[in-house]
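[1] how would this look folded up:
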Amino acid sequence: MAAPSRKSIVDACEIEFIDERKVKRVQLAMKSNRSVMALAETFKLLGDATRIKIAFALSCEELCVFDLTNLLGVSQSAVSHSLRALRQMRLVRFRKEGKIAYYALDDEHIAHLLDEGFRDVEELS
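    Residues are numbered from 1 along each chain as shown. Modelled structure (predicted):
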């Protein structure tokens, strides 16, 4: 086994110390396992570039599958698959108008999350 690098030694605590008050405050603020898992699933779902693009597009405008395929330059199959996953997580909704299904973002929180995320990555660029 290789010896730990100097950086890993410097980054670690040199003594074992627990600040009971801080730990207690965080424990009281900590979210339930159910909430943590639901958020992790949302982030995992949004961990795909096509789904991010779809969610962002739908945060701007209600669109049909063909609008999205044209906008993103991906196959109808890829868009439909992504929309299905987003619908299962209740992040998008659809409505039928005649033979056309229109999709829209169903959760404004996702629009805010996308806005914050893009603002953060664009500031780092």
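
[2] And the helices in this protein, which stretches?
    Counting by DSSP state H, the chain has helices at residues 6-11, 20-29, 33-45, 49-60, 65-72, 76-88, 108-124.

[3] And the lowest mean pLDDT element among the helices and strands of this protein?
    helix 6-11 (a mean of 59; mean pLDDT, DSSP states H and E).

[4] ok, back up a step: do you know which of the helices of the chain lies nearest residue 97?
    helix 65-72 (12.9 Å; C-beta to C-beta). Quick note: C-beta positions are derived from backbone N, CA and C, even for glycine.

[5] Rounded mean pLDDT for that closest one, please.
    On average, the pLDDT along helix 65-72 is 96.

[6] ditto for stretch 54-61
    Averaging pLDDT along stretch 54-61 gives 96.

[7] Kindly report the same for stretch 100-117.
    Stretch 100-117 comes out at a mean pLDDT of 93.

[8] From the chain's centroid, how far away is that stretch?
    Here stretch 100-117 is found 11 Å from its chain centre; the criterion is C-alpha atoms, centre = their mean, to the nearest Å.

[9] Same question for stretch 108-122.
    Worked out by C-alpha atoms, centre = their mean, stretch 108-122 lies 9 Å from the chain centre.

[10] got it, and stretch 113-124?
    Remark: stretch 113-124 is offset 12 Å from the chain centroid, using C-alpha atoms, centre = their mean.

[11] quick one: residue 65 and residue 94 touch, right?
    No: if you go by C-beta atoms under 8 Å, residue 65 and residue 94 don't touch, sitting 9.3 Å apart.

[12] Give me the common contacts of these two.
    Counting by C-beta atoms under 8 Å, 6 or more residues apart in numbering, the contacts common to residue 65 and residue 94 are 83, 101, 103.

[13] so how many other residues sit close to the first one?
    Read it as residue 83. 20 (other C-beta atoms under 10 Å).
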